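Trainee: fold the stuff below for me.
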Amino acid sequence: MPTGQPIGNTLLSTMMLLLVSFSGCLQTNSDNSELVTPGQEEPSHEEQMEAAIPLSIAFIVDEVTFGTQNDPSYMAERFSDETIFDVTPYPVESEEAMIESLRFGHVDLAMMDAASSWMSWKNYDLQVLLADQENYGRTYYNSNAWVKSDSEIATYHSDDDPLTDPFSLFEGKKPCHTGWFDSVGMLLPMGFLLGLGYANVAGNPNDVESLLFTIQDFLDDEPAIPQAGTKYYGYSGALRCLSDGTGDIAFLQDSTVSEHCSEDDQNRPSWCLAEDEYTVLPTFGRSPSNALMFNPDFLDSETSQKISEEFLRLSGINEMDQTLRSLFGTSGFTSTTSFEHLDGYSSLIYNIPGLQAYFEDPSNSEQVNLSVEEIVIGVIGPLSNSTAFSFEFLADSISDDVGINVSISEFENHISLVENLSNGVINIAITDGISSWKAWKHDGMSVLASLLNEHERAFSQSLAIVKSDSELASSSDPYTLMSGLSPCFAGPSHPSTLLATGHLIGEGLTNDLPDIGNSTISEIIQSVFDSNYSFPGEEAEFHGTNGALRCLSEGGGDIAFVINDGQAIFCNDDLQPTDETWCLDSEAYASLPSLGDLPYRSFIYDPTILDVVSRTAILNSILSLNY
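Mentor: Residues are numbered from 1 along each chain as shown. Purely as a prediction, here's the structure:
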């Protein structure tokens, strides 16, 4: 986990502490009369100092504001002059350091991101004094992904096609995070992607360090997660990362573009694009706004109440906006409690590796348990003896790793398999490529892992085979010459038939059909090939992949559509069975350009039922079989 900070921050912290030591030398031009109610006599300086409440406030050093009039150490002096507080600024390098400084009583207050606030509340019983009431009068931020409007992700979002999911394209993309463990810029997006099965945890699901490995495994590992003070840190930095092409996706607030790149702002940064060049995707969830935290073990209730009341009063004074913003990152506060402000956040980040421990009994030091008492793996039966033996070996191996019983359950068809997966009767299903795709697109299932075939490939190729002396074999664009030919298909529902049909539609070869959306597979094929073509029956000699190749070999058709699992075609000289006299010499066949890849079998699950910890434990066990 990246916990190190740039050396510049350490130097800044040292300089800031020295500056605080001499803070009495700072000059201010404050006018206390601005904060006095009309008709009220302004208190003398001596009366103010006598009534002053000593207050130490932690803040993160910032290279941009250091030494300027917006420097928190300068603002702390000004704040002391204009209020009933005697403020001592306490510079730190990170929010982790803020938590520690509150925990051990080094400071009274610290303004923290939702993630740090939530963890400090759960782990150390630190409490929320007030919440940031951000610009729109809300005590929450919407966490959203922003992309460029000309990207494929934006197209998937705006095309109104229920089968195109923009989040399904996130894998392998370059991310623009706001910072490590930031709520809006990291935790809510990753919690969403993990919770709904777009991503799987890489590593130990009970270790928060696995979050970094998960991000690097699911997304691109470049650019690196930014640290404070660097160019791509924070909301403006992440937006800049997207704008200049460093990243493909920026994890931001819903208001970030209008706040930093508004076309009405004459001083907007030069790297900003036009506002319509950015597209925002549906929200990952609402993050609580930043919270002003305190430790009730060191700050008594009477004092905390006085501080709360005064901060709420100051929030309504325009002249205090800049001072409050410099010290706390906000110009306004709202009264709330820890439970009201942070409890709803729990469900949004539950799927983050390592955070499940915060939901367990703190007195239980044992490893977090799985949420299921037994794991049932569903498959399509009936199984042959050898296949059943392989599945039993898989079940026993997973059981040994996760410590609970694992069993295999057989089902007649894909429909009943997915129904039982959705109802929680089974936890995992093993399905073929077409069935997995249907379950993903139509039933909301997710893929946990892919099986490799006997040739150690996760995909097979969908191919069209012709005779090498045909016109198709010598053409540079053979698929445009198929009109009226006699095809050899393995069957109406065979994967090779479905992929070939999809290719015909995608290439615009079926445009003569008036209503393709309501057309059958047979009608689509007949619109391109021989209009009298019919599929072979299940018992016919031309049925199946080998049957389609036999159809071509014996002159029953001009082109055969088959699935190639990684070996040469069935009639290769080295593979040809001695009793298959219909096979031609291997030189007599030619393969046309691939029609696409067909995934092999997949482990699928329902992400709304099987939690991250359980499925990650299963995944790790499955992956261990590779070694």
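Trainee: which outside residues touch the host helix or strand of residue 212?
Mentor: Per DSSP states H and E, residue 212 falls inside helix 210-218. Here helix 210-218 makes contact (Cβ atoms under 8 Å, 6 or more residues apart in numbering) with 1-2, 170-171, 175, 177, 181, 186, 190, 193-194, 198-204, 221, 225, 352-354. Every C-beta, even on glycine, is put in place using the N, C-alpha and C of the backbone.
Trainee: number of residues surrounding residue 160?
Mentor: 6 (other Cβ atoms under 10 Å).
Trainee: repeat that for residue 415.
Mentor: Neighbour number of residue 415 under other Cβ under 10 Å is 12.
Trainee: hmm, back to that, next one: the next helix or strand after the helix holding residue 212 to chain centre, how far?
Mentor: Once helix 210-218 ends, the next helix or strand along the chain (criterion: DSSP H and E) is helix 234-243. How far helix 234-243 lies from its chain's middle: 18 Å, per Cα atoms, centre = their mean, to the nearest Å.
Trainee: who are the packing partners of the longest helix along the chain?
Mentor: Selection of the longest helix in the chain by residue count, based on DSSP state H, yields helix 385-402. Packing partners of helix 385-402 (3 or more Cβ pairs under 8 Å, 6 or more residues apart in numbering; DSSP states H and E): strand 374-380, strand 405-411, helix 612-624.
Trainee: pLDDT of it, averaged?
Mentor: Here helix 385-402 scores 91 as its mean pLDDT.
Trainee: from the chain's centroid, how far away is it?
Mentor: Relative to its chain's centre, helix 385-402 lies at 31 Å (Cα atoms, centre = their mean).
Trainee: check stretch 183-197 too.
Mentor: Using Cα atoms, centre = their mean, the offset of stretch 183-197 from its chain centre is 5 Å.
Trainee: on that earlier part again, can you flag the buried ones in the contacts of helix 210-218?
Mentor: Using 16 or more other Cβ atoms under 10 Å as the burial test, the contacts of helix 210-218 include 170, 175, 177, 181, 186, 190, 193-194, 198-204, 225, 352-354 as buried.
Trainee: list the contacts of stretch 182-194.
Mentor: Against stretch 182-194 from outside (Cβ under 8 Å, 6+ apart): 113-115, 141, 143, 145, 167, 170, 177-181, 198-201, 211, 214-215, 218, 225, 235, 238, 251-253, 284-285, 287-288, 345, 348-352, 612.
Trainee: for burial, what's the neighbour tally of residue 211?
Mentor: Neighbour count of residue 211, defined by other Cβ under 10 Å: 24.
Trainee: returning to that earlier point: give me the subset of the contacts of stretch 182-194 lying in helices.
Mentor: 114-115, 211, 214-215, 218, 235, 238, 348-349, 612.
Trainee: tabulate the residues you listed in CSV, adding columns for pLDDT and distance to residue 380.
Mentor: Output for these, formatted as CSV (pLDDT from 0 to 100; distance: Cβ to Cβ, whole Å):
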residue, pLDDT, distance to residue 380
114, 91, 45
115, 89, 43
211, 92, 36
214, 93, 31
215, 95, 35
218, 94, 29
235, 94, 49
238, 97, 45
348, 82, 36
349, 84, 37
612, 84, 27
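Trainee: would you convert those residues into TSV that also reports distance to residue 427?
Mentor: Output for the ones in helices among the contacts of stretch 182-194, formatted as TSV (distance: Cβ to Cβ, whole Å):
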residue	distance to residue 427
114	32
115	30
211	24
214	21
215	26
218	22
235	39
238	37
348	24
349	23
612	13
